[in-house]
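Enquirer: Here is my input, please return the structure:
(3 chains)
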Amino acid sequence: MSERVAVRKTYKLFVGGKFPRSESGRSYLVQDSNVSLASRKDARDAVLAARAAVKGWAGATAYNRGQILYRVAEMLEGRREQFVALGVPADEVDAATDRWVWYAGWSDKLPQVYGGSNPVAGPYFNLSAPEPTGVVAVVAPETPALLGLVSVIAPAIVTGNTVVVAASPTAPLAAVTLAEVLATSDVPGGVVNILTGRLSETVPTLAAHMDVNAIDLTGVTDPELAADLEVRAAENLKRVLRPVPVDHDWLADPGLGRMTALLETKTVWHPKGV
Amino acid sequence: MTATATSARSDLSELGRSETALRTFLHGLPGVDQVGAEQRAAQLGTRSIKTTAKAQAIDLAIGMVDLTTLEGADTPGKVRALAAKALRPDPADPSCPHVGAVCVYPSMVPHVAEVLRGSAVHLASVATSFPSGQAPLEIKLADTRAAVEAGADEIDMVINRGAFLAGRYSEVYDEIVATKQACRDAHLKVILETGELATYDNVRRASWLAMLAGGDFIKTSTGKVPVAATLPVTLVMLEAVRDFRAATGRQVGVKPAGGIRTTKDAIKYLVMVNETVGPDWLHPDWFRFGASSLLNDLLMQRTKLTTGVYAGPDYFTLD
Amino acid sequence: MFEYAPAPESRSVVDLKSSYGLFIDGKFVDPADGGSFKSINPASEEVLAEIAEGGAQDVDRAVRAAREAYEKVWGPMPGRDRAKYLFRIARIIQERSRELAVLESLDNGKPIKESRDVDLPLVAAHFFYYAGWADKLEHAGFSRRPTSQHSGPNPQPLGVAAQVIPWNFPLLMLSWKIAPALAAGNTVVLKPAETTPLTALLFAEICQQADLPPGVVNIVTGAGETGRALVEHDGVDKVAFTGSTDVGRAIARAVAGSRKKLTLELGGKAANIVFDDAPVDQAVEGIVNGIFFNQGHVCCAGSRLLIQESVADRVLESLKRRMAQLRIGDPLDKNTDIGAINSAAQLARIKELSDAGSAEGAERWSPPCELPERGFWFAPTIFTGVTQAHRIAREEIFGPVLSVLTFRTPAEAVEKANNTPYGLSAGIWTEKGSRILWMADRLRAGVVWANTFNKFDPTSPFGGYKESGYGREGGRHGLEAYLNV
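Expert: Coordinates of the predicted model:
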């Protein structure tokens, strides 16, 4: 009897809730697998998908978004062994799962913590509330492949943003596998889009894209590239999250900064009278 | 607007026939935002009226005063003295204009008429069971007829606030129409008692109701409730007469009454008239102040402007 | 007719010097290369004073003074003492408010009633508000790890803040910049606009009067080059800019790749949306206030009026009648509603865009009004028949020019309002509460005024979406720009 021949997985992009190949038809060999090599046009398509998803996702109730993020944690927990098989340490999978749970709880609390009424000197109702900025381009950190990725995606989407993520070029399998988790977690298509391949191909396009509202440069390790991307981002005044040091402690309490940096504060005034 | 005004004119005359039509119309008027209206009034109050403009304003204001006494203690002697002052507010200065009118209770009308006869000063009488209006209609109409017969050429009636607040607009409307008939040739000023109407939306509706029913003037207050004329209330009423003329072609006057005591206050009202409805209303035929102590302050300020010296109350008559 | 006699505010309260130096390290000093420029009264073109032009060397000196003050004095100082200095400054501003208001109107051209009743009270209120934060920063919600036992470590200041402000609200923008920066423990180098430096220089004197430690506030006057040298200086930890989107973009590029934290408050093209059930008289006031306040030199001005088609004629008629009451002229006359355009350059820009509006087929209307011979003036103007494609509906004019468009449904109003790269402010006029909240949710703007417009308060965060910039000024949110969080 011969040994059973395994069914190998094809690692594709994740755009608009689907798993397309790169429109360029290219792939590259990494982590012993062929992974899609996203092109500028894939980046463009991902932005379109992310933009299309903003209305529904930002308009969903905070309770609903929180439940969906918690659902992601549930699904991730269930696929723990799959990530371990990809080489992600079990502790990291657990930490990533816990991070989804942590951020899930913020969906309906952050607006209370970060917004509120302002006691203006006059007969006015005045309320400030945070709103998602819109479409966020994210450069995921190289490592830790899963926890780093989750730590940049979750804070962006929990408040209602949608993201286009440039996954770690050297360890993209965790990202594509996370896409499978997301695809089975009630996250609406287009809320998270994941591009694999070379940062130099997709990220400058995302940084310059006029329909992207913010860019998170966390995973950019080359200071010159980071500066160049920030210059491109200035064209439509994207909100910019600068790179973090490579020795950043991803296990530490993340604080609110990653969420608040991708929020707009809207202040509404109304007179009080009879 | 002229085209719509013509069509609106015929529509509006029908409104009084049906409670529903009246209600629909009054509740269809644009709302008034309290904070915005009060801010606009306050802004107009910051105008700085000095020198020649102030002199002009003071003489205009004197001519607009409805010199008023409405006390239980009023006597023929008291009202005669008031009428004499109305004719010659500043005996020392013949260039000082006379006031717009003298305003008294119906029983005092004959005594005032004696003094004013032959002059251009009007004789106003409150009527319709002033100030509450809480009497049977027949009595209110008789009150009105008596005042007119005794010589009043202006009648200041009160609306039935209870009926208004209860939403019985037709009842209020019909009373005004009946009172207007009882006035014959006398001008009818309709007192809304805005202090009891509570909201500017109500002030706007009551203003339109009074105008639709034929009032010649709309007046803020009786002076007998805690809140009398205010700048924002007057602003809302001025906007109403402005819009009413645009819709119907008929011009209606405005009279803030009660609480206006100083020249500074009076000038704020004139600025408001000027910038809200324009010069067409800057005349005693179209704008009046219901006041008593205001006159002496106007006279003191007038003397200050002519002599350059601050005046004292001892130099002005107390009547 | 009731003509208002002239009612000029006295200039004698202002003691103008013929020339002013740079304010560095607590003293007025001459610029290194001796350059200068003139600040004029835009209402008369009279020269008010000769102003030092700061160069790169002066900027460097100012940044070093600010650094030293940050490290030695202001940074280590307990919050409660920083607070006292800010309270002192607030009080002196209140005491000298008439002087500051007159000077602001002289230098800027804005009506005295606005500098007196709007700018100055808000300036003092800003210092008063942020003064109170200086010793409460750990409660502002930015501490990284609050615990139940401790209120956590104080969030740290950033260091030296470079601040560049515009000419439309010279002293008010100074207060929006300096008050939160100082409260959070930073020191500042501020560059006022070249056409309106005078109240900032008087503010420098107020800092002296308050015995504020030298170097905590430095004022370097000059034009664009001075500002560039300041924001590009390596010794700066934070850049805050209010002004045009183009300059904001250039600054964002300039600080790219640096450690400098950046906040930008830029242009706008706000929609002021009037529904058929609006409180019409107040809406008209709001429209007038929205676009003619401060000659329309307001980044959050309601420069696009969107009227529901069913009431467009009626609202426009009321608006025109109201505009005919606007009094244009001497900014120091207490009855002036619209003062002078701030500069010849700005006037040229307004004229160019207005001419483009006419050329593109929009219908132009202004009330009859006489403009003074000397100085820079522009009559309040509205354009009707404007479409989204017109330049005057897309570009910020920053003058008393209103573009009027119409809409049919709430959804169309939202679509048109958001159809711009800007997102600073918006107005909604309707008596229907649920519609206000529905609209407010959908408008992409940092400030939404419902049944009011152009209201400001130190407790209320202000700032834009999209190309109107990022970061918020005012309120607890305003501290974030000056803390390392």
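Enquirer: Skipping its backbone neighbours, what lies nearest the closest residue to chain C within the stretch 101-250 of chain A in space?
Expert: Proximity of the stretch 101-250 of chain A to chain C (C-beta to the nearest C-beta) peaks at residue A:227, 2.6 Å away. The C-beta positions use only the backbone N, C-alpha and C, and glycine is treated the same way. Nearest residue to residue A:227, sequence neighbours excluded (C-beta to C-beta, 6 or more residues apart in numbering or on different chains): residue C:257, at 2.6 Å.
Enquirer: do the same with residue B:235
Expert: Closest residue to residue B:235 apart from its sequence neighbours, by C-beta to C-beta, 6+ apart: residue B:41 at 4.9 Å.
Enquirer: Around chain C, pick out the residues from the stretch 51-200 of chain B.
Expert: Selection of the stretch 51-200 of chain B residues close to chain C by C-beta under 8 Å from any C-beta of the partner chain yields B:51-54, B:56-57, B:60.
Enquirer: Dump these to a markdown table, plus neighbour count.
Expert: Formatted as a markdown table, these follow (neighbours: other C-beta atoms under 10 Å in any protein chain shown):
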| residue | neighbour count |
| --- | --- |
| B:51 | 12 |
| B:52 | 13 |
| B:53 | 21 |
| B:54 | 21 |
| B:56 | 18 |
| B:57 | 25 |
| B:60 | 20 |
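Enquirer: one step back: please, which helix or strand holds the residue nearest to residue B:235?
Expert: Residue B:41 belongs to helix B:34-44 when elements are defined using DSSP states H and E.
Enquirer: Remind me what the helix or strand just after that helix packs against, helices and strands.
Expert: Using DSSP H and E, the helix or strand that follows helix B:34-44 towards the C-terminus is helix B:51-64. Secondary-structure packing of helix B:51-64 (3 or more C-beta pairs under 8 Å, 6 or more residues apart in numbering or on different chains; DSSP states H and E): helix B:263-276, helix B:294-307.
Enquirer: I'd like the next helix or strand past helix B:51-64.
Expert: Per DSSP H and E, the helix or strand that comes after helix B:51-64 is strand B:65-68.
Enquirer: how much does whatever helix or strand comes next after that next one deviate in direction from helix B:294-307?
Expert: Once strand B:65-68 ends, the next helix or strand along the chain (criterion: DSSP H and E) is helix B:76-87. Orientation check (axes from the mean of the first three to the mean of the last three C-alpha atoms, to 10 degrees): helix B:76-87 against helix B:294-307 gives 40 degrees.
Enquirer: Distance check, residue A:188 against residue C:262.
Expert: Distance from residue A:188 to residue C:262, counting by C-beta to C-beta, to the nearest Å: 33 Å.
Enquirer: How about the residues of the stretch 101-250 of chain A by chain C?
Expert: A:113-114, A:116, A:118-122, A:124, A:126, A:128, A:133, A:213, A:223-224, A:226-228, A:230-231, A:233-237, A:239.
Enquirer: Residue 205 - how many residues pack around it?
Expert: This is for chain A. If you count neighbours by other C-beta atoms under 10 Å in any protein chain shown, residue A:205 ends up with 23.
Enquirer: looking at chain C here, not the other one
Expert: Residue C:205 has 15 nearby residues by other C-beta under 10 Å.
Enquirer: hang on, the earlier thing: which two of the residues of the stretch 51-200 of chain B next to chain C have the greatest separation?
Expert: Using C-beta to C-beta, the pair of those lying farthest apart is B:51 and B:60, separated by 15.0 Å.
Enquirer: Excluding chain neighbours, what is closest to whichever residue of the stretch 101-250 of chain B sits closest to chain A?
Expert: Of all residues in the stretch 101-250 of chain B, the one sitting closest to chain A is residue B:199 (5.0 Å; C-beta to the nearest C-beta). Once flanking residues are discounted, residue B:199 sits nearest to residue A:274: 5.0 Å by C-beta to C-beta, 6+ apart.
Enquirer: hang on, that neighbour in a strand?
Expert: No - Residue A:274 is assigned coil when assessed by DSSP: H, G, I helix; E, B strand; the rest coil, not a strand.
Enquirer: which ones are touching it?
Expert: For residue A:274, the contact set (C-beta atoms under 8 Å, 6 or more residues apart in numbering or on different chains) comprises B:34, B:198-199.
Enquirer: export those to TSV and tack on pLDDT, distance to residue B:68 and neighbour count?
Expert: Formatted as TSV, these follow (pLDDT from 0 to 100; distance: C-beta to C-beta, whole Å; neighbours: other C-beta atoms under 10 Å in any protein chain shown):
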residue	pLDDT	distance to residue B:68	neighbour count
B:34	98	29	20
B:198	95	25	13
B:199	98	27	15
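Enquirer: Centroid-nearest residue for the chain?
Expert: Unless you meant another one, I'm taking chain A. When C-alpha atoms, centre = their mean is applied to chain A, the residue found nearest the centroid is residue A:153 (2.7 Å).
Enquirer: should've been chain B
Expert: By C-alpha atoms, centre = their mean, chain B has its centre lying nearest to residue B:255, at 2.0 Å.
Enquirer: That one contacts residue B:187, doesn't it?
Expert: No - with contact defined as C-beta atoms under 8 Å, residue B:255 does not count as touching residue B:187 (10.7 Å).
Enquirer: who touches stretch C:344-358?
Expert: C:297, C:341, C:364, C:376-378, C:381, C:383, C:386, C:390-392, C:395, C:397-401, C:403.
Enquirer: Pull out the buried residues from these.
Expert: C:297, C:341, C:376-378, C:381, C:383, C:386, C:390-392, C:395, C:397-401, C:403 (16 or more other C-beta atoms under 10 Å in any protein chain shown).
Enquirer: Which ones among these map onto helices?
Expert: C:391-392 (DSSP state H).
Enquirer: Just the buried residues from the residues of the stretch 101-250 of chain A next to chain C, in ChimeraX please.
Expert: Provided next is the ChimeraX selection string for whichever of these are buried by 16+ other C-beta under 10 Å:
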select /A:114,116,118,120,124,126,128,133,213,226,227,228,230,231,233,234,236,237,239
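Enquirer: Now the stretch 1-150 of chain A against chain B: closest residue?
Expert: residue A:123 (5.1 Å).
Enquirer: Let me know how buried the residue in chain B that chain C sits nearest to is, in neighbour terms.
Expert: Sorted by distance to chain C under C-beta to the nearest C-beta, the residues of chain B start with residue B:36, at 3.1 Å. By other C-beta under 10 Å, 25 other residues sit near residue B:36.
Enquirer: That one touches residue C:278, doesn't it?
Expert: No - with contact defined as C-beta under 8 Å, residue B:36 does not reach residue C:278; the gap is 10.5 Å.
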